[in-house]
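Peer 1: Using only what follows, build the 3D model:
(chains A and B)
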Number of protein chains: 2
Amino acid sequence: MALYFIGLGLYDEKDVSLRGLEAIKKCDVVYLENYTSMLSCDVKKLEEFYGKGIILAPRELVEKKAEKTILKDALSKEVAFLVIGDPMSATTHLDLRLRAEKAGIECIIIHNASVFSAVGVIGLQLYKFGRTTSIPFQEDKWHPETPYDVIKENRKNGLHTLILLDLSPDEKRFMTVNQAIEYLLSIEDKRKEKVFSNGLFCVGCARLGSLNPCIKSGKAFELLKEDFGKPMHCLIIPGKLHFAEEEALELFKIHK
Amino acid sequence: MALYFIGLGLYDEKDVSLRGLEAIKKCDVVYLENYTSMLSCDVKKLEEFYGKGIILAPRELVEKKAEKTILKDALSKEVAFLVIGDPMSATTHLDLRLRAEKAGIECIIIHNASVFSAVGVIGLQLYKFGRTTSIPFQEDKWHPETPYDVIKENRKNGLHTLILLDLSPDEKRFMTVNQAIEYLLSIEDKRKEKVFSNGLFCVGCARLGSLNPCIKSGKAFELLKEDFGKPMHCLIIPGKLHFAEEEALELFKIHK
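Peer 2: The predicted structure follows:
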């Protein structure tokens, strides 16, 4: 009678930890949260790999109907709630956990790689990242300027900025590095505070956590012309660079 | 002919990912970096589990003698370099990777859970953490005030602060939450800027990444009296709290 929050890591079925796999195998019911991220493999592959059926859990089920599904199950059974990346990186999962604790359900967390730490692969030091921000799809004329403000604040403090990009797995849509740069340039056009200009040095990434992530560093207008390929993408704006960080970013420069 | 940087996760032999385990099993030589963190299990346990001998790599070997050991091996063999946590979270590993790349050695990174993301388990939102800092053992009258300045800057910006604590695995010494609080209070005594007072609300953690981490929230003077048990410890100073974060921290309050 417990709810296991199990991180699957970032890329495919093989990123689960042995501890995580053990827990999945002993659970009676297995949910997979499928709205905050996506793996490169499909659910069938996971089902075969675990030897278990998987129930997909869209946002509405987790946020509005968990009392009748996940939490109800966990009152009498061992339930796995699978999360891509680390299971405690997003507010929506914390919320589910709080509701479970309130209902007297034991919660067990099995961590895994997350973009918040895997971003270290680009060679910027994790302790020098400031606040993280994200860019949503531009719909209904909702154009938040928060990402611009966060970059501004972090740059002022010499800190790096990790920018997470929106996705809509149901529609197989995900935001690209190129779209993110265009978005930030459009805010620059409006605000003109020289926070995100064409010539700003930044790093675009795709498929962090895979064996062959795509990492390219260069000026914004240069990255805009690059193809980063399949999801997920993210964008990083470096702050003040240590010489080892500079050297690392050299590895990924598109124009050397 | 490649150098695999493989994260072992945070707690014991079962935190490795399937991808990581597969890589270890096919490598000809296996090094374990043993100076930036420690697992709860010993090296013998890992050797039995992998069915491989492990060469311990202290800081001096990695930073000064890698050309004659790890990197030399990787020119002609498949070499695993095991790191507790995520393999790209610390500068020292990035440095080894840069030297490997310079020597023309292919580097493959296999991520895992790191304290930078696992800290999400306490219920604070990862995207609201500012710069991370660390507290070193106080030796030779070296009393850096950086941790105090980082907390000050983050609090001013409403951000959370993750404070990593020193360790010396060779001597089986590790810094406790209590020692960290004492250290910060001693800087407060000197600076008197009301950045870290006795009444400051903070969160002490031990063994993040294990199935039963110890997480306690309370005022600094209250946490000072608590026993957090075995390593590793870390300390978190919350910034401005969202209501879900407040609710989460309630779970861990020592005086409710």
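
Peer 1: Please name the nearest non-neighbouring residue to A:E67.
Peer 2: A:R99 (7.3 Å; CB to CB, 6 or more residues apart in numbering or on different chains). All C-beta atoms are positioned from the backbone trio N, CA, C, and that covers glycine.

Peer 1: Report the distance from the host helix or strand of that neighbour to the chain centre.
Peer 2: Using DSSP states H and E, A:R99 maps to helix A:91-102. Chain-centre distance of helix A:91-102: 19 Å, with CA atoms, centre = their mean, to the nearest Å.

Peer 1: next helix or strand past it?
Peer 2: Next element after helix A:91-102 (DSSP H and E): strand A:106-110.

Peer 1: sorry, back to before: same for the helix holding A:R99, what does it pack against?
Peer 2: strand A:2-7, helix A:59-64, helix A:70-76, strand A:78-83, strand A:106-110, helix B:243-251 (3 or more CB pairs under 8 Å, 6 or more residues apart in numbering or on different chains; DSSP states H and E).

Peer 1: Can you point out the buried residues in stretch A:167-180?
Peer 2: For stretch A:167-180, a neighbour-count test (16 or more other CB atoms under 10 Å in any protein chain shown) marks A:L167, A:P169, A:F174, A:M175, A:T176, A:V177, A:N178, A:Q179, A:A180 as buried.

Peer 1: what number of residues lie near A:E193?
Peer 2: 12 (other CB atoms under 10 Å in any protein chain shown).

Peer 1: Now do the SS call for it.
Peer 2: Classification of A:E193 by DSSP: H, G, I helix; E, B strand; the rest coil places it in coil.

Peer 1: With the flanking residues excluded, which residue is spatially nearest to it?
Peer 2: Per CB to CB, 6+ apart, closest to A:E193 is A:K152, 6.7 Å.

Peer 1: In terms of secondary structure, what does the helix or strand hosting the one you found contact?
Peer 2: Assigned by DSSP H and E, A:K152 belongs to helix A:146-156. Applying 3+ CB pairs under 8 Å, 6+ apart, we find helix A:146-156 packed against strand A:133-135, strand A:161-165, helix A:177-191, strand A:233-237.

Peer 1: Quickly run through the sheet partners of the shortest one, with directions.
Peer 2: In its sheet, strand A:133-135 lies beside strand A:161-165 (parallel), with partners assigned from DSSP bridges.

Peer 1: Do me a favour and average the pLDDT over the strand it pairs with.
Peer 2: In this model, strand A:161-165 carries a mean pLDDT of 98.

Peer 1: What of stretch A:99-117?
Peer 2: Here the average pLDDT along stretch A:99-117 is 96.

Peer 1: Check which residues of it are buried.
Peer 2: Here stretch A:99-117 shows A:99-101, A:105, A:107-117 as buried, counting by 16+ other CB under 10 Å.

Peer 1: which among those gets closest to A:L46?
Peer 2: A:N112 (14.0 Å; CB to CB).

Peer 1: Hmm, that closest one is touching A:S17, no?
Peer 2: Yes: counting by CB atoms under 8 Å, A:N112 does reach A:S17; the two are 6.1 Å apart.

Peer 1: Are there residues contacting both of the two? Which ones?
Peer 2: Any residue near both A:N112 and A:S17 by CB atoms under 8 Å, 6 or more residues apart in numbering or on different chains counts here, and that gives A:G7, A:G9, B:G9, B:S17, B:N112, B:A113.

Peer 1: one step back: farthest pair in the buried residues of stretch A:167-180?
Peer 2: A:P169 and A:N178 (19.6 Å).

Peer 1: show me where pLDDT drops low in chain A?
Peer 2: Scanning chain A for pLDDT under 70 picks out the ranges A:140.

Peer 1: And for the residue sitting furthest away from the middle of it, nearest residue in space, chain neighbours not counted?
Peer 2: Distance from the C-alpha centroid of chain A, by CA atoms, centre = their mean, peaks at A:S76 (31.7 Å). Spatially, and ignoring its direct neighbours in sequence, A:S76 is nearest to A:M1 (6.5 Å; CB to CB, 6+ apart).

Peer 1: what's the answer for A:T91, then?
Peer 2: Using CB to CB, 6+ apart, the nearest residue to A:T91 is B:Q125, at 5.9 Å.

Peer 1: Name all residues that make contact with the one you found.
Peer 2: Contacts of B:Q125 (CB under 8 Å, 6+ apart): A:T91, A:L94, B:H160, B:H242, B:E245.

Peer 1: In JSON lines, list those residues along with neighbour count and distance to B:G209.
Peer 2: Output for the contacts of B:Q125, formatted as JSON lines (neighbours: other CB atoms under 10 Å in any protein chain shown; distance: CB to CB, whole Å):
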{"residue": "A:T91", "neighbour count": "17", "distance to B:G209": "21"}
{"residue": "A:L94", "neighbour count": "24", "distance to B:G209": "17"}
{"residue": "B:H160", "neighbour count": "26", "distance to B:G209": "18"}
{"residue": "B:H242", "neighbour count": "14", "distance to B:G209": "24"}
{"residue": "B:E245", "neighbour count": "20", "distance to B:G209": "21"}
